[in-house]
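Participant: got a predicted model here, sequence first, then my questions.
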Amino acid sequence: MTTYDDRASLADLTTTADRVRRSVESVIEGKPEVVRLALTVLLAEGHLLIEDVPGVGKTMLAKTLARSIDCSVQRIQFTPDLLPSDITGVSIYDQQRREFEFKPGAIFAQIVIGDEINRASPKTQSALLESMEERQVTADGQTYELPSPFMVVATQNPVEMEGTYPLPEAQRDRFMARVSVGYPSPEAELQMLDVHGGVSPLDDLQAVAHAHDVVKLIEAVREVYVAEPVKRYVVELVAATRSHPDLRLGASPRATLHLLRAVKASAALSGRDYVLPDDVQALAAPVLAHRLLPTSQAQLNRRTAEQVVAEILQRTPVPHAAPGGTIGAPAGHGERSPGVRSF
């Protein structure tokens, strides 16, 4: 449970996250919910998959988030001829020292931007599996730890686009959340013409947070309180995907953990040190939908995974608080922690 001293860290979290949010929104206009989800995944120690049609700002969102934080950044342009060693690294023989020397690949960075990840072969995509789950790389029998914080922000075009390969189920399951940027509103698109029409806004973008700040914020998110009824609610939602008649593959136990971590980060961004069922409902679709495989009949009926998640949310009973209490909050806890604001 969060102590009073931890609440100062929570206040720092909302202040720092607000700076990052404003920095990203100065480039990505009219998409506050997308920016918030990206920050949620960052603070929940997850990885983000951005899926949409070309030209809507997928790569720009990833680059802006990386530029807003003072940390090491590597970009990988996924192409059909990309090799796994280009990502993880390769051992090269040093003739002077007469031994092999490991040359780290692009994965050795704190924020890794994987551009158009589904244009590489499944073999190359699989090079990310160990890195994303265990935050390490094993090459030639040696294990190398990845820096902290570590986040993969990958973009992909819809699978129906020319020259794409579907992501393996194991790969999709390692992404904490999937988000679609979508087309901007006419007002946002008009503002984009003014901002992006001359020079790129990334040229003048300065880092507003440091990597060690993000590490501290991640530690603060870990301390967010989750009541037993809310945990049970998370488990029931995930379990319902495994028995739904429209799904041939439900969500994994990893999805349960990812959903729990995401809702804790979301609660912290809202200025709370405890999770509400509302946090779970808001993040259920972004965290679960991309892991689900509809049946052939459901696809013929044009049933999407998002629709199935929405139906499960409607059917699953929401935990209720005792009279005079707040569901999810510790006993005797107020509605909001002192000195903490939401955004």
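Facilitator: Looks like it arrived, so ask away.
Participant: so Val263 is in contact with Asp278, correct?
Facilitator: No: between Val263 and Asp278 there is no contact under CB atoms under 8 Å: 9.3 Å. C-betas here are computed from N, CA, C, even on glycine.
Participant: Tyr165 in helix, strand or coil?
Facilitator: Under DSSP: H, G, I helix; E, B strand; the rest coil, Tyr165 falls in the coil class.
Participant: quick revisit: and Val263 and Asp278? Which one has more around it.
Facilitator: Set Val263 next to Asp278 and count neighbours by other CB atoms under 10 Å: Val263 wins out with 29 against 15.
Participant: for the residue lying closest to the more buried one once chain neighbours are set aside, give me its contacts.
Facilitator: With sequence-adjacent residues excluded and distances taken as CB to CB, 6 or more residues apart in numbering, Val263 is closest to Asp279, at 4.2 Å. The contact partners of Asp279, taken as CB atoms under 8 Å, 6 or more residues apart in numbering, are 263, 266-267, 270.
Participant: what about those, which are in helices?
Facilitator: 263, 266-267 (DSSP state H).
Participant: out of those residues, who's nearest Ala240?
Facilitator: Val263 (16.7 Å; CB to CB).
Participant: residues contacting that closest one?
Facilitator: Shown in contact with Val263 (CB under 8 Å, 6+ apart): 226, 230, 234, 275, 279-280, 283.
Participant: give me the distance between it and Pro245.
Facilitator: Noted for Val263: a distance of 27 Å to Pro245, by CB to CB, to the nearest Å.
Participant: what kind of secondary structure is Ile76 in?
Facilitator: Going by three-state DSSP: Ile76 is strand.
Participant: just give me the neighbour total for it.
Facilitator: Neighbours around Ile76, by other CB under 10 Å: 24.
Participant: how's the protein carved up into domains?
Facilitator: Under the assignment automatic domain parsing, the domains of the chain span 1-80+110-135+145-223, 225-332.
Participant: could you dump these to a markdown table with distance to Phe102?
Facilitator: Formatted as a markdown table, the domains of the chain follow (distance: least, CB to CB, whole Å):
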| stretch | distance to Phe102 |
| --- | --- |
| domain 1-80+110-135+145-223 | 13 |
| domain 225-332 | 29 |
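Participant: what segments of the stretch 51-200 of the chain are helices?
Facilitator: For the stretch 51-200 of the chain, the helices defined by DSSP state H, counting those that start in this stretch cover 58-67, 84-88, 122-125, 129-134, 169-173, 186-196.
Participant: who touches the longest one?
Facilitator: With CB under 8 Å, 6+ apart as the test, helix 186-196 has contacts from 27, 29-31, 183-184, 201.
Participant: what comes up buried for that helix?
Facilitator: Neighbour counts over helix 186-196 (16 or more other CB atoms under 10 Å) mark Met192 as buried.
Participant: let me see the mean pLDDT of it.
Facilitator: Helix 186-196 carries an average pLDDT of 76.
Participant: how about stretch 260-280?
Facilitator: Mean predicted confidence for stretch 260-280 is 94.
Participant: could you do stretch 319-338 as well?
Facilitator: Stretch 319-338 shows a mean pLDDT of 59.
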